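Undergrad: When you get a sec, could you give me coordinates for this:
(one chain, ligands or ions: 2)
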Amino acid sequence: MVKVTVCGAAGGIGQPLSLLLKLNQNVDELALFDIVNANGVAADLSHICSPAKVTGHQPANKEDKLAITSALTNSDLVIIPAGVPRKPGMTRADLFNINASIIRDLIANVGKTCPNAAILIISNPVNATVPIAAEVLKKLGVFNPKKLFGVTTLDSVRAETFLGELINEPPKSLKGKISVIGGHSGDTIVPLINVNSTISAKSSKITPAQYKEFVHRVQFGGDEVVKAKNGAGSATLSMAYAGYRFAESVLDSVAGGQTNTSVVPETSYVYLPGLPNGEELSKKSLNGATYFSVPVILEKGEIKSFINPFDSLTITENEKQLVSVALNGLDKSIAQGTNFVKGSKI
Ligand SMILES: NC(=O)C1=CN([C@@H]2O[C@H](COP(=O)(O)OP(=O)(O)OC[C@H]3O[C@@H](n4cnc5c(N)ncnc54)[C@H](O)[C@@H]3O)[C@@H](O)[C@H]2O)C=CC1
Ligand SMILES: O=C([O-])CC(=O)C(=O)O
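TA: Ligands and ions are numbered 1, 2, ... in the order given. So this is what the prediction gives:
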């Protein structure tokens, strides 16, 4: 019996993401929580003839705690795209003031109601909302770093698409041959092209100007969508696809039990000191950064190990430079998220 809960299920990401989850044959119950329209979205999806039973959970008023509790009870996987998106001219960091408390309060409920669930954080700024979630769970004494995931899959999806266009390869064949590490905002996003892979011959033919443009597009792909939507929000459909791709890998690892070594690991923004060999990576190669996105190998819904990008000989000097720039930006966001919870009552 696998239960998945989506918090923010009636939003631009929440709705298409819930649709994709409804189609997943491994999901037995899909609980949709939102402060508006959760029941409507649940009624709509419940007519689809796939196995998952869909339930809607919408608080009657601000004091109503029953809706969130019923949505989370016995949940195995909680996915959170709740909160406000960007408008043109805003950075992801500008969302902190509103989204920080939304994440803090939702995670407090997760920690109290389903502390063993895997948690996927989509809400921005991911670089800070994941540290917020970790600190809340630590305060509650239920933090499991192997089960807290910042969703950065959209950066990988974009990198595969944009590199595929550039070297004329089907993006699908690039999965796993290009990894995007670091964080999820501007120059904290670092695409790595695996020069030992079969794409190397083609990607080495990219001119320096094309490479620069490719890196910039991966780092600022979110801005492209915000600009094009012109005030109507940020990426929703590509994010629903990316969020689903990550959720599916977690669900597959729950259903499959053992690690499937043929699966290409997805990348996620995680708390390194809580993972096997994570502290070593942090100290040796990341100036002590505690949160960083790395490809994660999953087993039974949690992180079994990760791929250390610096262990492979493929990381170039130029990519190392990008990492050092990323670390500066990450530091500030991590401190902001951590300090926010220190002053909060959970
Ligand atoms: N990690 C990533 O790669 C990406 C993250 N995002 C982020 O995802 C978030 C959501 O984006 P959209 O779906 O476009 O926004 P949206 O405004 O369309 O939907 C957000 C939903 O959250 C709900 N909500 C607000 N407060 C809530 C609470 N306390 N509990 C439950 N639900 C609550 C709203 O009612 C709304 O339905 C934003 O912060 C956005 O920046 C967006 C794209 C990519
Ligand atoms: O750009 C935004 O605000 C939304 C986002 O995180 C993305 O599209 O990568």
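
Undergrad: Residue in the stretch 201-346 of the chain with the shortest distance to ligand 1?
TA: Using CB to the nearest ligand atom, M239 is the residue of the stretch 201-346 of the chain that sits closest to ligand 1, at 3.9 Å. Every residue, glycine included, has its C-beta placed from N, CA and C.

Undergrad: where's that residue, which helix or strand?
TA: In the assignment (DSSP states H and E), M239 maps to helix 237-256.

Undergrad: which other helices and strands contact that helix?
TA: Judged by 3 or more CB pairs under 8 Å, 6 or more residues apart in numbering; DSSP states H and E, the packing partners of helix 237-256 are helix 14-22, strand 77-80, strand 118-121, strand 148-151, helix 153-167, strand 266-271, strand 291-299.

Undergrad: Return the most buried member of these.
TA: By mean neighbour count, with neighbours taken as mean count of other CB atoms under 10 Å, strand 148-151 ranks first of those at a mean of 29.

Undergrad: Pull the contacting residues for the residue in the chain that ligand 2 sits nearest to.
TA: Among the residues of the chain, G222 lies closest to ligand 2, at 2.2 Å counting by CB to the nearest ligand atom. Each residue near G222 by CB atoms under 8 Å, 6 or more residues apart in numbering is listed here: 86, 92, 154, 234-235.

Undergrad: you'd agree P85 is up against N124?
TA: Yes - counting by CB atoms under 8 Å, P85 does reach N124; the two are 7.5 Å apart.

Undergrad: quick one: common contacting residues for the two?
TA: Listed contacts common to P85 and N124 are L95; contacts here mean CB under 8 Å, 6+ apart.

Undergrad: quick check, stretch 67-81 touching ligand 1?
TA: Yes - residues of stretch 67-81 contacting ligand 1 under CB under 6 Å from any ligand atom: P81.

Undergrad: Check the separation of the first and last residues in that stretch.
TA: This stretch, stretch 67-81, spans 17 Å end to end (CA to CA, to the nearest Å).

Undergrad: what about the residue of the stretch 201-346 of the chain closest to ligand 1, how many neighbours?
TA: By other CB atoms under 10 Å, 23 other residues sit near M239.

Undergrad: ok, and the closest non-adjacent residue to it?
TA: I13 (4.9 Å; CB to CB, 6 or more residues apart in numbering).

Undergrad: The one you found - how many residues pack around it?
TA: There are 30 residues near I13, going by other CB under 10 Å.

Undergrad: where in this protein is pLDDT low?
TA: 195-198, 257-262, 312-313 (pLDDT under 70).

Undergrad: Find the centremost residue of it, please.
TA: Most central in the chain under CA atoms, centre = their mean is V151, positioned 0.4 Å from the mean C-alpha point.

Undergrad: ok, the nearest residue to that one once chain neighbours are set aside to N339 distance?
TA: Nearest non-adjacent residue to V151, counting by CB to CB, 6+ apart: I122, 4.8 Å away. Between I122 and N339 the computed distance is 22 Å (CB to CB, to the nearest Å).
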